[in-house]
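Peer 1: Let's see this in three dimensions:
(3 chains)
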Amino acid sequence: MAYQLLVRTATFVVTVVLASVLVFGFMAILPGSAARVSLGVNATPEAIARVEADFGVDRPLPVQYLDWAAGLPTGDFGTSYVTRRVIGPAIVDRLLVTSWLVGASMLVALVIALPLGTLAAVRHQRPSGTVLAGVSQVGVAVPSFLAGLLLIALFAVKLRWLPSGGWTPPARDPVAFLRGLLLPSLALGLVQGSVLARYVRSTVLNIQREDFIRTARSKGLRRWQALVRHGLRNAAIPIVTVLGLQLSVLLVGAVVVERVFTVPGLGSLLLDGVANRDLLLVQGVVMVLVVMILAINWAVDVLYTVLDPRLRARA
Amino acid sequence: MTAGDEDRLVVDGLDVRVGPVGLLHDVGFRLRAGERVGLIGESGSGKSLTALAIMGLLPEGLAASGHVGLAGTDGNLLAAGDARMADLRGRRVSMVFQEPMTALNPLMKAGDQVAEVLAIHARRGGSGGSGRDRDRRALDLLDAVRMHEPDLVRRRYPHQLSGGQRQRVMLAMALANEPDVLICDEPTTALDVTVQAQMLDLIVEGARERDASLLFITHDLAVVATVCDRVLVMYGGRIVEAGPVQQLFTAPRHPYTRGLVASSDLDAVDAAGRLPTIPGVVPAAGTFPSGCVFRTRCERATDACAEPPPWTGQPDDGHACIHPYDDAPATP
Amino acid sequence: MSAARDVVDATGAPVVAGTDETAGVANWSLWIGGGLVGLVVVMALVSFAWTPYDPYFVDVTNRFGGPSPTNLLGTDQFGRDVLSRLMVGARTTLFVGIVSVGVAGVVGTPLGILMGMAPAWLHRILLRANDLLLAFPALLLAIMFAAVFGPSTATAMVAIGIGTIPVFARIARSGTVQVMSSEYVLAARSAGRRGVRLAVRHVLPNIASLLLVQASVSFAIAILAEAALSFLQFGTPSPIPSWGLMLFQAQSVLAVNPGLTVWPGVGIAVAVLGFNLLGDGLRDRFDPRLAGHQ
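Peer 2: The predicted structure is shown next:
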């Protein structure tokens, strides 16, 4: 098992390095330097040359890449050509905000999906189960930013219960923090919850029909005891996969929802970067998002190995 | 039928339906103490359903009616709730399933799965015994089913075991609490031929040592002949013939039984050198003919077969056919 | 990794459903999904020939008009007819979906078949590479494209398409692996059939249904991504009507007139629901095995 974990971790590291090459390469794809792009068409050649020298972008691409990549592990993402500010600290600040949002959304999704998905499975032959399945199918089709707009229209504009956007750090005012967090995490979590509920439903349905559940009942366990003692862990394996995927989806979904609720997270930083043509900033944020997605995949793989003895044997 | 003193399990008028479609009709038989009874028939004849109905483990959507009685317990098991049935399962009645590949929990070590059945009923019975005791007993049980290196096997997961080893684990679980009735549903069908014989020995021996009554389901007549005292023949969700093994195989009365026996006899070849077979195929559930269920495939069928044939003879030795054979089959 | 990851639906979750109650029951998913998709298609087609008003016609005297006999779904903050813009928006939605799913299918399918037919070592490397690309979701990729090339419908379509390639490659790969180990392919191979001929004659027809299901589901993902991009103003530029952009414009007047979010929102939901259901229905129709596939 230790060997397996080592292999998976090594694969993860190699993948991250390759991803950094891809991201860097893509951002350098256009002829002309980023400095030219960021200074606009009216910049004089002298100004461009000066900026290029300042930021070291007149060097060959491989050198630039190594310089950039070497800084990443220490949180050094370089200095923006546009704002002339160091990028690293901004990313760290924003990452914290996004983590709150994604974490809270995941919580909302789980709180919705686990009970409702199980209920829909247990009652799949009754009307209530069909209704639950139908509602989650519709929920899947609603983009999170639309859910966000509808939530704002209802709770902020009409009822005036909650703020329509903005962000208060938890340390400054916990209550305002929670009030601000609620709508965005609902917008993200409700939609993801529908997806997850569908998956929980079919997983529980499949597990209920497994032969080993019948065996467990033949040994003297009641229906629900068999499901809890023998089904849960078996169900956890497919559900962990989906949770991993969901976390990645939430991360990308947060980019859009942060814009709806003007939350100063990683997504807002990314979108501002695109709007200002701040390519180095975009490059840094994209890298962070991709590394997080890869890290989630790695964690899912590791959890798999822990949960499923069948995977441990394979060397 | 009323339960005699030595009856362990009495099944009477058992019907199983899914919606409007009947799957089992008026199935009745009894198992006496220590008796080994075979239940044979082609796939789709309702053998497994009978077993699952007795265990109270019918799949969702299937409903059973009739009477199932177990010696020492009151009332009809079909009417008992899940809690009461759970208490009986694995203690008084246990079952070995057909598929050793899927019947064990893939995420649980073999020894733990055996120990679990001890723990479930120890807790219910209130009798103590520590986890360590149960682990030791699980080891003994694995040893009793002649598992090689039981101490190694109990620490393995099902995917690390062979089909034969898994089925031994299943049998160890089924025998763990000394049940009165052991039901085996095609326990050797998925196994290699070499392993089959050992497994059959273990089942017979395990049942005999515990004085358990055995209901043995199979489609393999040779297996029935080695294992059982009596045989029940099922077709179309009904019992069409019953009798002692010897008699049933040498002088089958129902045309279906005769067909089964003929097609299992590898020496019997017709003039063209082909094995005899029963003409036609088993109809899908719910599409069996009215009256005698076998009449669409039966060479002896007449218009009179459109009426359900009455049971002729004793409950343990009789048949449901109005044109029975009354001689031993002619050897070609 | 489990094959459950292979077919992926609108929000990235493996496609599930159909494991139950499908046997002998009418394929409702197929009919409802087909109906909803048909509705969007008809709306888009009609918009070529006729819309109630010019979707670009600005009439400031008629701002925020409620539903009326003249403007069935009302007017927006510029007095433009919502129904007309909705109809033309359907066109944008379908166009982006067709192009991006087309790009993904045309590039991803051969890649996946190649992967599935490649020798083990190459297979492994390609699979890893594909996993790497899967770490770039379509929306993120589209934002990167917008950063480098500037926002436009074309970049959005291409980016979403490229982002969907690894999804197709993965599904084509797992289908190919299955087909390659089947007896008739073994027979064809022992008869000397190799390479492209084998792929075209034997593999492609057998994974076609799988690909069609994925196409339907990917279409839904593309619609969501396009809507998000337009909403962020990285997709279809104003004033060309697109549902995402209509939502963005509705947000700025949310406090005054929240009703403007309704119709573009319904449009997106109907289209996504339609393609998701269609995918479910097609899967049940073609390959019931896939439903319970773990």
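Peer 1: C-alpha from now on. contacts and neighbour counts both.
Peer 2: OK.
Peer 1: Now do the same for the residue of chain B found nearest chain C: its pLDDT.
Peer 2: Nearest residue of chain B to chain C (CA to the nearest CA) works out as residue B:61 at 11.2 Å. Looking at residue B:61, its pLDDT is 83.
Peer 1: do residue C:25 as well
Peer 2: The model reports residue C:25 with a pLDDT of 52.
Peer 1: Out of the helices and strands in chain A, which is least certain?
Peer 2: None of the helices or strands of chain A scores lower by mean pLDDT, DSSP states H and E than helix A:34-39, at a mean of 64.
Peer 1: What distance do you get for the closest residue to residue A:264 other than its chain neighbours to residue A:289?
Peer 2: The shortest distance from residue A:264 to any non-neighbouring residue, by CA to CA, 6 or more residues apart in numbering or on different chains, is to residue A:94 (6.4 Å). The gap separating residue A:94 from residue A:289 is 12 Å, by CA to CA, to the nearest Å.
Peer 1: for residue B:72, same thing?
Peer 2: Distance of residue B:72 to residue A:289, given as CA to CA: 66 Å.
Peer 1: And these two? Which one has more around it.
Peer 2: residue A:289 (20 against 9; other CA atoms under 10 Å in any protein chain shown).
Peer 1: Quick check: which element contains that one?
Peer 2: helix A:279-307 (DSSP states H and E).
Peer 1: buried ones in that helix?
Peer 2: With burial defined by 16 or more other CA atoms under 10 Å in any protein chain shown, the residues of helix A:279-307 counted as buried are A:279-305, A:307.
Peer 1: swap in stretch B:214-221?
Peer 2: B:214, B:215, B:216, B:217, B:218, B:219, B:220, B:221.
Peer 1: where are the low-confidence patches of the stretch 1-150 of chain C?
Peer 2: For the stretch 1-150 of chain C, applying pLDDT under 70 flags the ranges C:1-26, C:57, C:60, C:69, C:71-72.
Peer 1: cool, and chain A?
Peer 2: Residue ranges of chain A with pLDDT under 70: A:30-41, A:313-315.
Peer 1: residues in contact with the residue of chain B closest to chain C?
Peer 2: Residues near residue B:61 by CA atoms under 8 Å, 6 or more residues apart in numbering or on different chains: B:18, B:19.
Peer 1: After the least confident helix or strand of chain A, which helix or strand is next?
Peer 2: Next helix or strand after helix A:34-39 toward the C-terminus (DSSP H and E): helix A:45-55.
Peer 1: and residue 42, how many neighbours?
Peer 2: Unless you meant another one, I'm taking chain A. Residue A:42: 7 neighbours (other CA under 10 Å).
Peer 1: actually it's chain B I care about, not the one you picked
Peer 2: 17.
Peer 1: Is it in contact with residue B:219, as I believe?
Peer 2: Yes: using CA atoms under 8 Å, residue B:42 is in contact with residue B:219, at 5.8 Å.
Peer 1: mind checking which helix or strand the residue nearest the centre of chain C is in?
Peer 2: Ranked by distance to the mean C-alpha position of chain C (CA atoms, centre = their mean), the top residue is residue C:219 at 1.3 Å. Using DSSP H and E, residue C:219 sits in helix C:204-231.
Peer 1: Next secondary structure element downstream of that helix?
Peer 2: Assigned by DSSP H and E, the successor of helix C:204-231 is helix C:243-252.
Peer 1: before we move on, back to that, the helix holding residue A:289 packs against which elements?
Peer 2: Helix A:279-307 makes packing contacts with helix A:2-27, helix A:34-39, helix A:87-122, helix A:232-260, helix A:266-275, helix A:309-313, helix C:138-149 when contacts are defined by 3 or more CA pairs under 8 Å, 6 or more residues apart in numbering or on different chains; DSSP states H and E.
Peer 1: could you dump those helices to CSV with mean neighbour count?
Peer 2: Converted to CSV, those look like this (neighbours: other CA atoms under 10 Å in any protein chain shown):
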stretch, mean neighbour count
helix A:2-27, 16
helix A:34-39, 21
helix A:87-122, 20
helix A:232-260, 22
helix A:266-275, 23
helix A:309-313, 16
helix C:138-149, 23
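Peer 1: I'd like to know which of these is closest to residue B:139.
Peer 2: Nearest to residue B:139, of all the helices and strands packed on helix A:279-307, is helix A:309-313, at 21.2 Å by CA to CA.
Peer 1: What residue spans form the domains of chain B?
Peer 2: When chain B is parsed with automatic domain parsing, its domains come out as B:7-228, B:235-319.
Peer 1: hey, least reliable of the ones you listed by pLDDT?
Peer 2: Note on the domains of chain B: domain B:235-319 shows the lowest mean pLDDT, a mean of 83.
Peer 1: so does that one get close to chain C?
Peer 2: No: using CA under 8 Å from any CA of the partner chain, domain B:235-319 stays clear of chain C, coming no nearer than 14.2 Å.
Peer 1: Could you say which helix or strand holds residue 69?
Peer 2: You didn't pick a chain, so chain A it is. Per DSSP H and E: residue A:69 is located in helix A:61-71.
Peer 1: wait, chain B
Peer 2: strand B:62-70.
Peer 1: just checking, what packs against that strand?
Peer 2: If contacts are counted by 3+ CA pairs under 8 Å, 6+ apart, strand B:62-70 sits against strand B:7-18.
Peer 1: As CSV, could you dump the C-alpha coordinates of the strand it packs on?
Peer 2: This file holds the C-alpha atoms of strand B:7-18, laid out as CSV (Å, rounded to 0.1, in the frame of the first residue of the first chain):
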residue,chain,number,x,y,z
ASP,B,7,-41.3,-31.7,10.7
ARG,B,8,-38.6,-29.0,10.8
LEU,B,9,-40.0,-26.8,7.9
VAL,B,10,-43.4,-26.9,6.5
VAL,B,11,-44.3,-25.0,3.3
ASP,B,12,-47.9,-25.0,2.4
GLY,B,13,-49.8,-23.3,-0.4
LEU,B,14,-46.9,-20.9,-1.2
ASP,B,15,-47.7,-18.4,-3.9
VAL,B,16,-45.4,-15.6,-5.1
ARG,B,17,-46.6,-12.9,-7.4
VAL,B,18,-45.1,-9.8,-9.0
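Peer 1: Much appreciated, bye for now.
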